[in-house]
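Participant: following is a predicted model, sequence given first.
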Amino acid sequence: MAGVSIITPVEVLLSKRVQEMVLSGNGDPSGPYICEKDRDYGEEESMQNNSPIPFIDIGKLCAKENDHELKKLKLALSAWGCFQAIDHGIPSCFLDKVRGVGREFFGQSMEEKNKCAKTVAEFQGYGADPVPEDGQSLDWSDRIFLALAPEDQRNYAFWPENPISFKETLEEYTENMKRFTETVSKYMAKSVDLEEGCFLKQFGERSQLHGRFNYYSPCKRPDLVLGMKAHSDGSGYTVLLQDETGLQILKQGKWYTVPNDTNALLVIMGDQMEIMSNGIFTSPVHRVISDSRRDRISVAVFYTPEVGKEIGPEEGLIDSEKPRLFKIVKDYADIHYGYYQRGMRSLHTVQV
């Protein structure tokens with residue numbers, strides 16, 4: 001019938017790749033990709049050149065005289081819920097290599113990338129996130145999501161064979177992330193006057209690392225889409241490596257663009273660190289905006305407590321002036337994901 005448009009089912013759209021739609025000239029956003037309502041969390045600030053996102057020097061944290069840097073860390077995590085880590089000990093040339101294998105992977109043919117493709121319902125592998133609930137928009141991006149640690153949780157069937165250096169590079173990056181998260185967790189505890197191993201104990205001996213390479217294609221109408229919709233993370237915390245600006249942090253009703261510092265690792269608190277810290281650290285809402293001309297790569301590593309491990313507020317952070325805010329919970333990431341699929345936060349479900 002004339003004048004009647006047929007809406008393509010979400011499952012069909014998710015079986016296609018945004019990158020390929022753009023490259024084939026069919027990159028006009030429509031239907032479930034349009035997410036204007038998701039852009040209304042707050043007013044956008046243009047702060048790229050003088051960003052207030054805090055920087056924390058890991059080298060200074062590890063020094064004997066570190067009181068000043070510990071205070072900066074606590075302030076960053078309570079006010080922003082994130083910080084840019086510098087002097088972290090990972091060579092910049094290796095960070096370039098990690099970004100590089102991501103770009104190489106997404107630059108390959110669809111035939112090659114589909115060798116590690118997931119189904120619409122699966123989570124690990126190349127593709128898009130599983131189908132969200134009705135009424136939720138789709139992200140203007142593609143990704144490959146992989147279990148990294150413990151090693152026995154890796155499914156190498158989803159790891160790309162090409163580029164040839166992908167596997168070795170990601171395995172080495174995983175070892176770097178194990179060391180980095182151990183260091184950060186210890187000094188987060190010290191920043192609130194706790195024993196350095198307390199958060200690590202909550203994460204458990206089989207704490208999890210998951211890696212996600214994101215590819216954000218350019219969009220002719222970036223005002224209509226989001227590379228990733230506004231959300232908080234369900235992890236303990238997330239370590240992000242990016243190659244272009246696009247990520248924004250929500251603070252007091254305003255969006256702040258995270259600058260691109262190629263030597264920095266952005267550490268973003270997830271809901272589970274807000275729980276463990278009894279609300280001292282905040283889990284910020286963040287999103288990725290699209291650009292009309294350039295693409296973007298990011299590599300996120302999610303650090304999460306071991307499966308079945310109970311977590312809760314540290315007892316040393318509970319007193320008469322700061323009562324317990326959260327219940328004991330396990331496998332919170334599963335709770336979080338159910339709400340994420342509905343475009344909602346989930347912290348309220350574990351509040352006292």
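Facilitator: Ah, there it is.
Participant: and the pLDDT at Glu11?
Facilitator: Confidence at Glu11, expressed as pLDDT, is 63.
Participant: do Asp28 as well
Facilitator: Looking at Asp28, its pLDDT reads 85.
Participant: confirm it sits in a helix?
Facilitator: No - under DSSP: H, G, I helix; E, B strand; the rest coil, Asp28 falls outside any helix and is assigned coil.
Participant: which neighbouring elements make contact with the longest helix along the chain?
Facilitator: Of all the segments assigned as helix in the chain under DSSP state H, the longest by residue count is helix 166-191. Contacts of helix 166-191 with other secondary structure elements, assessed using 3 or more Cβ pairs under 8 Å, 6 or more residues apart in numbering; DSSP states H and E, are made with helix 58-61, helix 67-79, helix 92-106, strand 142-149, helix 198-203, strand 208-216, strand 237-242, strand 296-304. Every residue, glycine included, has its C-beta placed from N, CA and C.
Participant: make TSV out of these and add distance to Ile280.
Facilitator: Rendered in TSV, the data for the helices and strands packed on helix 166-191 read as follows (distance: least, Cβ to Cβ, whole Å):
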stretch	distance to Ile280
helix 58-61	17
helix 67-79	6
helix 92-106	30
strand 142-149	27
helix 198-203	12
strand 208-216	23
strand 237-242	14
strand 296-304	18
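Participant: I'd like those as CSV, with mean neighbour count, mean pLDDT and distance to Thr257 appended.
Facilitator: Output for the helices and strands packed on helix 166-191, formatted as CSV (neighbours: other Cβ atoms under 10 Å; pLDDT from 0 to 100; distance: least, Cβ to Cβ, whole Å):
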stretch, mean neighbour count, mean pLDDT, distance to Thr257
helix 58-61, 18, 97, 23
helix 67-79, 17, 98, 17
helix 92-106, 17, 98, 19
strand 142-149, 21, 98, 21
helix 198-203, 20, 98, 29
strand 208-216, 22, 98, 14
strand 237-242, 24, 98, 11
strand 296-304, 23, 98, 12
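Participant: what's in contact with stretch 165-175?
Facilitator: Around stretch 165-175, the neighbours that count as contacts under Cβ atoms under 8 Å, 6 or more residues apart in numbering are 94, 97-98, 101, 104-105, 146, 148-149, 156, 159-161, 209, 211, 299, 301.
Participant: so Thr181 sits against Val239, correct?
Facilitator: Yes - contact status for Thr181 versus Val239: in contact at 7.1 Å, counting by Cβ atoms under 8 Å.
Participant: what touches both of the two?
Facilitator: Tyr303.
Participant: spit out the contact partners of Lys178.
Facilitator: With contact set as Cβ under 8 Å, 6+ apart, Lys178 has these partners: Ala149, Leu209.
Participant: so which of the helices and strands packed on helix 166-191 gets nearest Ala85?
Facilitator: In terms of Cβ to Cβ, the element of these nearest to Ala85 is helix 58-61, at 5.5 Å.
Participant: which other helices and strands does that closest one contact?
Facilitator: Contact partners of helix 58-61 among helices and strands, from 3+ Cβ pairs under 8 Å, 6+ apart: helix 67-79, helix 166-191.
Participant: now with 10 Å, please.
Facilitator: Using 3 or more Cβ pairs under 10 Å, 6 or more residues apart in numbering; DSSP states H and E as the contact criterion, the elements in contact with helix 58-61 are helix 67-79, strand 82-86, helix 166-191.
Participant: so can I have JSON lines of the ones you listed showing distance to Gln124?
Facilitator: Formatted as JSON lines, the entries for the helices and strands packed on helix 58-61 read as follows, by distance: least, Cβ to Cβ, whole Å:
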{"stretch": "helix 67-79", "distance to Gln124": "30"}
{"stretch": "strand 82-86", "distance to Gln124": "26"}
{"stretch": "helix 166-191", "distance to Gln124": "13"}
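Participant: nearest to Leu325, out of those?
Facilitator: Judged by Cβ to Cβ, the one of the helices and strands packed on helix 58-61 that comes nearest to Leu325 is helix 67-79, at 13.6 Å.
Participant: Tyr126 and Arg179: what is the separation?
Facilitator: 28 Å (Cβ to Cβ, to the nearest Å).
Participant: between these two, which one's more packed in?
Facilitator: Just comparing Tyr126 and Arg179: by other Cβ atoms under 10 Å the higher neighbour count belongs to Tyr126, 23 against 12.
Participant: in contact with the more buried one, which residues?
Facilitator: Residues near Tyr126 by Cβ atoms under 10 Å, 6 or more residues apart in numbering: 17, 105-106, 110, 113-118, 142-146, 158, 160, 213, 215.
Participant: how about the nearest residue to it, chain neighbours excluded?
Facilitator: With Cβ to Cβ, 6 or more residues apart in numbering as the criterion, Tyr126 has its nearest non-adjacent residue at 4.4 Å, and that residue is Ile144.
Participant: wait, that neighbour touches Glu122, no?
Facilitator: No - when contacts are counted by Cβ atoms under 10 Å, Ile144 is not listed as touching Glu122 (11.8 Å).
Participant: now do the shared contacts for the two.
Facilitator: Jointly contacting Ile144 and Glu122 under the rule Cβ under 10 Å, 6+ apart are Phe158.
Participant: which phi and psi does His88 have?
Facilitator: Backbone torsions for His88, taken as degrees, to the nearest 10, come to phi -90, psi 0.
Participant: and if you look at Gln153?
Facilitator: phi -100, psi -10.
Participant: quick check: it touching Gly211?
Facilitator: No - when contacts are counted by Cβ under 10 Å, Gln153 is not listed as touching Gly211 (11.8 Å).
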